[in-house]
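S.K.: this is a predicted model, with the sequence first.
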Amino acid sequence: MDRDDSLIEPPPPPPPLVAAGPLPIDFHNGKAIRAALFTASLIFFFSTLPLPFAAALLWRVVILVAGGFASVVFYQRWTGQALSLKNGARIGWITGIFAFVLTLLVLTMAMVAISSTGDLITVWSEQMRQSGANDPGVEQAVEVMKQPTSFALLMVLVIVVLFGVTTILPSLGGILAARVLRKNG
């Protein structure tokens, strides 16, 4: 039997290739995650420098903002992609998330270690006295912390504030870097 080849339709042409745009800055972008995790590790390392209490707080603010800035710089160097302000904030925020997790992990391990060796409140109050925070507020805080409910609420408050500070400041650093590098680029 002869087949008429003219009745068979040719297959449709493949869809045109679309140029892939830049990857979104999120937890699925491997280079963004690497830049954020590397920078969060640097933040954590530099935050362990022994400084007096007030200087340590200021230093922590500086390195968190600088960490968000650095994560944008690393990402742009590794990808060649200039970031918008929104994406600069995103990569800074991801950096802050990783810095928060590292900090929370170490603080949890320290709390467990202190709790297993003695009274956590006594150790905490001694550290506050040695760090130069010798005021009546320390003694009042110690009394409040002796109540389990108050202590639990204080810990939740500390974690919430730590999360906020540790994610917002790198986001601001990321925005700053995106703005500065876009002007210079």
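M.R.: It's in.

S.K.: next, count neighbours for Ile63.
M.R.: Each residue near Ile63 was counted by other CB atoms under 10 Å, and the total is 23. Quick note: C-beta positions are derived from backbone N, CA and C, even for glycine.

S.K.: what helix or strand is it on?
M.R.: Counting by DSSP states H and E, the element that carries Ile63 is helix 53-79.

S.K.: by contact count, what packs against that helix?
M.R.: For helix 53-79, the elements it packs on are helix 30-46, helix 85-117, helix 148-184, judged by 3 or more CB pairs under 8 Å, 6 or more residues apart in numbering; DSSP states H and E.

S.K.: can you redo the ones you listed as TSV with mean pLDDT, mean neighbour count and distance to Ala66?
M.R.: Shown next, in TSV, are the helices and strands packed on helix 53-79 (pLDDT from 0 to 100; neighbours: other CB atoms under 10 Å; distance: least, CB to CB, whole Å):
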stretch	mean pLDDT	mean neighbour count	distance to Ala66
helix 30-46	95	20	8
helix 85-117	91	18	10
helix 148-184	91	16	6
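
S.K.: ok so, going back, chain center to the helix holding Ile63, what's the gap?
M.R.: Here helix 53-79 is found 10 Å from its chain centre; the criterion is CA atoms, centre = their mean, to the nearest Å.

S.K.: still on that earlier bit, dump the helices and strands packed on helix 53-79 to TSV, plus distance to Val62.
M.R.: Formatted as TSV, the helices and strands packed on helix 53-79 follow (distance: least, CB to CB, whole Å):
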stretch	distance to Val62
helix 30-46	9
helix 85-117	13
helix 148-184	9
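
S.K.: looking at those, which is nearest to Glu139?
M.R.: Across the helices and strands packed on helix 53-79, Glu139 has its closest neighbour in helix 148-184 (14.5 Å, CB to CB).
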